[in-house]
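Visitor: With the sequence up front, the predicted model follows.
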Amino acid sequence: MERTTQKQLDFLCKRINIAKKTSAKPYERINDKLIGQIGNFHLHGGYGGVCLHQTMTESGGVRDVFSCGHVTKRDLYNRMSAYLVACEA
C-alpha cells in the first residue's frame, strides 16, 4: 500500500470546496481583521494525525466533519474520498 501524502489530502480538500461551492480560503482579511469564511473545508494537523474541519462562524469556530478527531492520513483520505463522491452525486 502506498503512503498517503499531504498533497493528496490538500487536493481532495480543494475538490470538496469546489463541489460544495465554498470559499477556498478559511479566512479573508477585511479592514485589517481576519474573518472566517463560513462553510470552508480545511485540514488541521495535531496529536499525530489530521482532521477535516469546516468553518462554522465568522470568528473561526469549526466542526470536525467526520466527528472522529485526528486520524491517520490514510484514514482521512478514505473518509474524504467517500464524502467527495457523495457531494458530487
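Guide: Yep, it's here.
Visitor: Return the residues in contact with the residue nearest to Arg79 when sequence neighbours are not counted.
Guide: Beyond its immediate neighbours in the sequence, the residue positioned closest to Arg79 (C-beta to C-beta, 6 or more residues apart in numbering) is Phe66, lying 5.2 Å away. (Glycine included, C-beta is placed from N, CA and C.) Contacts here follow C-beta atoms under 8 Å, 6 or more residues apart in numbering; on that basis Phe66 touches Cys51, Leu52, Leu76, Arg79, Tyr83.
Visitor: try 10 Å
Guide: Applying C-beta atoms under 10 Å, 6 or more residues apart in numbering, we find Phe66 in contact with Cys51, Leu52, Asp75, Leu76, Arg79, Met80, Ala82, Tyr83.
Visitor: Please identify the one among those that lies nearest to Gln6.
Guide: When those are compared for distance to Gln6 (C-beta to C-beta), Leu76 wins out at 10.6 Å.
Visitor: thinking again about what came up before, of the contacts of Phe66, keep whichever come out buried.
Guide: The neighbour-count test (16 or more other C-beta atoms under 10 Å) marks Cys51, Leu52, Leu76, Arg79, Met80, Tyr83 as buried among these.
Visitor: Let's verify the residue nearest in space to the middle of the chain: helix, strand, or coil?
Guide: Centre of the chain computed as the mean C-alpha position; nearest residue by C-alpha atoms, centre = their mean is His42, 2.8 Å away. Reducing the assignment to helix, strand or coil with DSSP: H, G, I helix; E, B strand; the rest coil, the entry for His42 is strand.
Visitor: contacting residues for it?
Guide: Taking C-beta under 10 Å, 6+ apart as the test, what His42 contacts is 10, 13-14, 16-17, 22-27, 51-55, 62.
Visitor: For this protein, just list every one of the strands.
Guide: 27-30, 33-36, 41-46, 49-55, 62-64 (DSSP state E).
Visitor: What backbone torsions are found at the most far-flung residue of the chain relative to its centre?
Guide: For the chain, the residue at maximal distance from the C-alpha centroid (C-alpha atoms, centre = their mean) is Asn31, at 25.7 Å. The main-chain torsion angles of Asn31 are listed as degrees, to the nearest 10 and equal phi 50, psi 50.
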